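Q: model this:
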Amino acid sequence: MAIHQFPSLNPVPQHIAVIMDGNRRWAQKRSLPVAMGHASGARRVRDMVKACTERGVKFVTLFAFSTENWKRPEDEVSGLMGLLSLYLQKEVSDMAMQGVCLKIIGDTSGFSTRIQSLIQDAQANTAHNSAITLTIAINYGGRWDMLQAFKGWQAAHPGESAEHLTESALAPHLSTAYAPEPDLLIRTGGEARVSNFMLWQLAYTELYFTDVLWPSFGAAELDRAIASYAQRDRRFGGGSMDKIVKVSGI
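A: Residues are numbered from 1 along each chain as shown. The predicted model follows:
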């Protein structure tokens, strides 16, 4: 029987995952170019990481670019790639000083050699940090993650039948194997779906949806999300009352 890597029972979530939605609508409401919305959203990341660090969160995973986002207009995709390149160049030194360990997950083979090189350098230059781990998911999809995990398990066990595969055997091959499963998923922008994000890892994650658009999501909104999380009864699939753990307020 497989043993699940359950999220923590700490009243402060140790791992927060975020679907950063609403950049385009934020720009449109202000009659600004879409690119300005994405740029404002990228600047919000620094504030989010700082606020999470101050509150004792150890892992933050941000959904920045999905496998489906390639379908967006060519000029928007090009702008996002430029923003990613700029972010990797400008933010890494600050992250290093703040003790942030940066991880990039997703199929990076789809990016230019320049961006791939920046990703490798950014991860190498922050690998020794331990204040908080920031994971950015780019060209990422939950289904892709599970598929590549299965391929990784298969490569590690050549000739072995899939009948021998268990959940605990597959988990180390997921792209986020270095982190605990998320305690809390926040989605901004008013939508209430997970959009192919961390499908395996979110099995027992608490979900929090807000209408606030990502560029406007600040520390006060983060506190509301954490306060909501702290009031949840986390059962982890258990049905009897003696297995229910009440996460008290912070």
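Q: Run through the bridge partners of the most centrally placed residue in the chain.
A: By Cα atoms, centre = their mean, the chain has its centre lying nearest to Thr61, at 2.4 Å. Listed by DSSP bridges, the beta-bridge partners for Thr61 are Ala17, Thr135.
Q: That one against Met20, yeah?
A: No: using Cβ atoms under 8 Å, Thr61 is not in contact with Met20, being 10.8 Å away. Using the backbone N, CA and C atoms, a C-beta is placed for each residue, glycine as well.
Q: Report the residue spans of this structure with pLDDT below the cut-off.
A: 1-10, 235-250 (pLDDT under 70).
Q: All the helices of it, residue numbers only.
A: 23-29, 34-54, 74-90, 92-97, 113-126, 142-156, 167-170, 219-230 (DSSP state H).
Q: which stretch among those comes nearest Leu202?
A: helix 142-156 (8.0 Å; Cβ to Cβ).
Q: Go through that closest one and flag the buried ones.
A: For helix 142-156, a neighbour-count test (16 or more other Cβ atoms under 10 Å) marks 142, 144-146, 148-149, 152-153 as buried.
Q: now do stretch 186-199
A: So for stretch 186-199, counting by 16+ other Cβ under 10 Å, buried means 186-189, 194, 196-198.
Q: from the residues you listed, which single one is nearest Arg43?
A: Distance to Arg43 across these (Cβ to Cβ) is lowest for Thr188, with 14.6 Å.
Q: OK, contacts around that closest one?
A: By Cβ atoms under 8 Å, 6 or more residues apart in numbering, the residues touching Thr188 are 18-22, 210, 212-214, 217.
Q: Closest to His128 out of those?
A: Checking the contacts of Thr188 one by one against His128 (Cβ to Cβ), the nearest turns out to be Val18, at 24.6 Å.
Q: Quick check: Phe111 vs Thr126, distance?
A: Look at Phe111 and Thr126: by Cβ to Cβ, to the nearest Å, they are 19 Å apart.
Q: Revised request: answer the last question for Gly79.
A: In terms of Cβ to Cβ, Gly79 sits 25 Å off from Thr126.
Q: Among these two, which residue is more densely surrounded?
A: Taking other Cβ atoms under 10 Å, Gly79 and Thr126 do not tie; Thr126 has more neighbours (21 against 18).
Q: Touching, that one and Glu91? I think so.
A: No: when contacts are counted by Cβ under 8 Å, Thr126 is not listed as touching Glu91 (10.0 Å).
Q: Nearest residue to Ala35 in space, please, no chain neighbours.
A: Sequence neighbours aside, Gly79 is the residue nearest to Ala35 in space, at 4.5 Å (criterion: Cβ to Cβ, 6 or more residues apart in numbering).
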